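**Q** Sequence first, predicted model second:
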Amino acid sequence: MSNRRAFFAYYLILPSLVLIVLLNLYPLIEGIIVSMQNQNMMRANQTAFVGFKHYDRALFQSIDFWGSLGRTVVWTAGSVAGAYLVGLSLALLLNMQIRGRGFFRALFLIPWVVPEVVTALLWKWCYSDEFGIINFLLARVGLLEKPIPWLSNPDIAMPAVIVVQVWKLYPVMTIVLLAALQNVPNELHEAASIDGAGVWQRLRYVTLPLIRSASVIITMLGAIWTFQNFDIVYLLTGGGPADATQILPTLVYEKAFWALEIGYASALGVLILICLMVMSVLYLLVYRSQAQAEPA
Amino acid sequence: MTTTYTPALESPRSTAQPINYRRIATLAATYAVLMIAAIIILFPIYWMVASSLKPQNEMFARHMTMLPINWTLENYINVWVNTDFPTYFFNSFKVASITTACSVIVSMYAAYAIARINFRGRYAFGLVLLVTQMFPHIMLVVPLFLIIQRLGLFNTHAALIIAYTAFSLPFSIWMLRGFFEAIPKELEDAAAIDGASQLGTFHKIILPLAGPGLAAVAMYTFIRAWNEFLFALVFLQSSSLRTLPLGLASFQEEYTYRWDLMLAGGSIIAVPVLFFFLLMQRFIVQGLVGGAVKG
């Protein structure tokens, strides 16, 4: 490898590297520094180092962090589980020998590209108590006596926002799982069915083990995306009613840009990052232990 | 990038055999389930568009109809003429176009480097791309807000363009790398023997062949910039600078429950995105899956 060619490569990646360092890595470090400062947008000139005060407040003094963390876990687990089930079901259907697969695949991808703001808007319209089509249809078939306030009842709001995130998230799962399924050799299914395996047994013992790595990767990515997702909840409920959907991202936004407690908000942001790192490590451990347990 | 289609295994003997009723029943059931799933999943989008084409008295009618009884474009005309929607539209178009141009130009060189040149630090660079993609935006947006203010870029489109470009790079580089790797290396070697410079080879040989890949990456970047909400919410203040997502969200406060304006506006934002996506989805999916499988 000649030096000249290596230098050429450095020139090529330099602009990308500079932008990524300045807008990804540098803010990350700045965020960690600010999380230990007493920064407040109301008093810009009196920044002081306060150590772990904000972390102490988040972890031990106030209940808003633990409450939001619990809701974020429910929101993430519910959305990822739902999206995986829908995504896998559609991928299995699309993997059958059918004409028009490309057409259906394109249709099922549509929710993925609908802008988050529009997603929130159109679901809000469907969920509306008085003018919503969901309440109208449920009443029409006789399931409802009075309209359900989907987004303003604290007991129902969380499931309602999870449905929207499932709708937004399942397409990516479908694409990746379908790609994995298409690598499963057909002969395996034929062999299993000659051995007398039914549809469910083939799914359980042949198909699912063979797409395990794709499943682990895509559920992990889905969980990382959903855990930090701000738009859907903020636009649908703003964290309400009565904090019923106040997840960590909406809490950070509220603390930073409404309460103007930049330091505390940064500490919450760092805690989100730590949660994501823990999740990734756990996933990798599960993945590796499963890969080792697999018979060769 | 030629996709070779292996014909489905329709063996000739199947024509000689009696009609396989079980297979036909399975096929029919599969299509039925697919159709029902598609209808349920796409219904909310349909309902937004259908409602936006209704006059107000039908939109809020007690008895709802699946299709408008009196079709009308008055909601679209209203949102375009009586609100700041055209300004938002122009702002979004400007920000997304400039972002796309910057992102494609910057990422294609980096992608070429990691696809073709075996330099020291290539692995580390790939790792940086992967790791930075995992950073939560909601955490970064707070320090970015402070940095943008220090740089005097608060409340400017430049702040959005720089941020969108930087945040689109990891994925664009990753996707383009896959497209470049699919181009046979012999073509470059031949050009090198003919005396073309390294950069010349890239511009004259590789780029034209990577056309579909570049188009897919451009489209993807454009859609992401067009849809982005959080950074726009934090970096902008003046209503005249708002992008479409921000403008639409602000409708909820400024025109409380003016569903007629909001639904028409939402349809205007979503329709171009859907159109371009359906046009390009084969390439976008190819790049996405290629990146995922190779990663």
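**A** In hand now; what should we look at? Numbering: from 1, shown residues only, chains lettered A, B, ... in the order given.
**Q** For residue 107, give me its contacts.
**A** Let's take chain A. Counting by CB atoms under 8 Å, 6 or more residues apart in numbering or on different chains, A:Leu107 touches B:Ala38, B:Ile41, B:Leu42. Where you see a C-beta, it was placed from the backbone N, CA and C, and this is true even at glycine.
**Q** Chain B was what I was after
**A** A:Ser16, B:Ser168, B:Leu169, B:Ser172, B:Ile173, B:Leu176, B:Val217.
**Q** quick check: domain ranges of chain B?
**A** Segmentation of chain B into domains, based on automatic domain parsing, reads B:13-72, B:83-294.
**Q** B:Ala182 and chain A, how far apart?
**A** 16 Å (CB to the nearest CB, to the nearest Å).
**Q** And for that residue, the neighbour number?
**A** 15 (other CB atoms under 10 Å in any protein chain shown).
**Q** helix/strand/coil for the closest residue to A:Thr207 other than its chain neighbours?
**A** Distances taken as CB to CB, 6 or more residues apart in numbering or on different chains place A:Val184 nearest to A:Thr207, at 6.2 Å, with adjacent residues excluded. The three-state assignment at A:Val184 reads coil, by DSSP: H, G, I helix; E, B strand; the rest coil.
**Q** Quick check: phi and psi on A:Val184?
**A** With angles defined as degrees, to the nearest 10, A:Val184 sits at phi -80, psi 120.
**Q** Next, the contact list for it, please.
**A** A:Val206, A:Thr207, A:Leu210, A:Ile211.
**Q** Turn the residues you listed into JSON lines, including pLDDT.
**A** Formatted as JSON lines, those follow (pLDDT from 0 to 100):
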{"residue": "A:Val206", "pLDDT": "83"}
{"residue": "A:Thr207", "pLDDT": "86"}
{"residue": "A:Leu210", "pLDDT": "85"}
{"residue": "A:Ile211", "pLDDT": "88"}
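**Q** just these now: which is nearest chain B?
**A** A:Ile211 (12.1 Å; CB to the nearest CB).
**Q** ok, the closest one touching A:Leu177?
**A** Yes. Assessed by CB atoms under 8 Å, A:Ile211 is found in contact with A:Leu177 at 6.2 Å.
**Q** who has more neighbours, those two?
**A** A count of neighbours by other CB under 10 Å puts A:Leu177 above the other of A:Ile211 and A:Leu177, at 24 against 21.
**Q** Spell out which parts of the stretch 101-250 of chain A neighbour chain B.
**A** When proximity is defined by CB under 8 Å from any CB of the partner chain, the stretch 101-250 of chain A lies next to chain B at A:102, A:104-111, A:113-118, A:121-123, A:125-126, A:131, A:133, A:136, A:167, A:172, A:175-176, A:179, A:186, A:214, A:217-218, A:224, A:227-228, A:230-231, A:235, A:248-249.
**Q** Can you tell me which of the residues you listed are buried?
**A** Buried members of these, counted by 16 or more other CB atoms under 10 Å in any protein chain shown: A:104-105, A:107-111, A:113-118, A:121-123, A:125-126, A:131, A:133, A:136, A:167, A:172, A:175-176, A:179, A:214, A:217-218, A:224, A:227-228, A:230-231, A:235, A:248-249.
**Q** Residue 69 - nearest residue in space that isn't next to it in sequence?
**A** All of this is about chain A. Per CB to CB, 6+ apart, closest to A:Leu69 is A:Leu248, 6.3 Å.
**Q** meant chain B actually
**A** B:Glu58 (6.0 Å).
**Q** quick one, what contacts that neighbour?
**A** Per CB under 8 Å, 6+ apart, neighbours of B:Glu58: B:Thr65, B:Pro68, B:Ile69, B:Asn70.
**Q** how far away is the last one from chain A?
**A** The span separating B:Asn70 from chain A equals 18 Å under the rule CB to the nearest CB.
**Q** With adjacent residues omitted, what lies nearest to that residue?
**A** B:Pro55 (5.6 Å).
**Q** what does the domain assignment say about chain A?
**A** According to automatic domain parsing, the domains of chain A span A:1-27, A:35-293.
**Q** got those as TSV, with distance to B:Leu248 columns?
**A** Putting the domains of chain A into TSV (distance: least, CB to CB, whole Å) gives the following:
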stretch	distance to B:Leu248
domain A:1-27	26
domain A:35-293	5
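**Q** what's the closest of those to B:Thr26?
**A** domain A:35-293 (7.8 Å; CB to CB).
**Q** just the domains of chain B: most buried one?
**A** Ranked by mean neighbour count, those are led by domain B:83-294 with a mean of 19 (mean count of other CB atoms under 10 Å in any protein chain shown).
**Q** now, which of the contacts of B:Ser107 lie within helices?
**A** Using DSSP state H, the members of those that fall within helices are A:Ser16, B:Ser168, B:Leu169, B:Ser172, B:Ile173, B:Leu176, B:Val217.
**Q** out of these, who's nearest B:Gln237?
**A** Checking these against B:Gln237 with CB to CB, the nearest one is B:Ser168 at 23.7 Å.
**Q** dump the residue contacts of that closest one.
**A** B:Thr99, B:Ser103, B:Ser107, B:Thr221, B:Arg224, B:Ala225.
**Q** Helix or strand: which one has the residue nearest to the spatial centre of chain A?
**A** Residue closest to the mean C-alpha point of chain A, counted by CA atoms, centre = their mean, is A:Thr226 at 1.7 Å. Assigned by DSSP states H and E, A:Thr226 falls within helix A:212-227.
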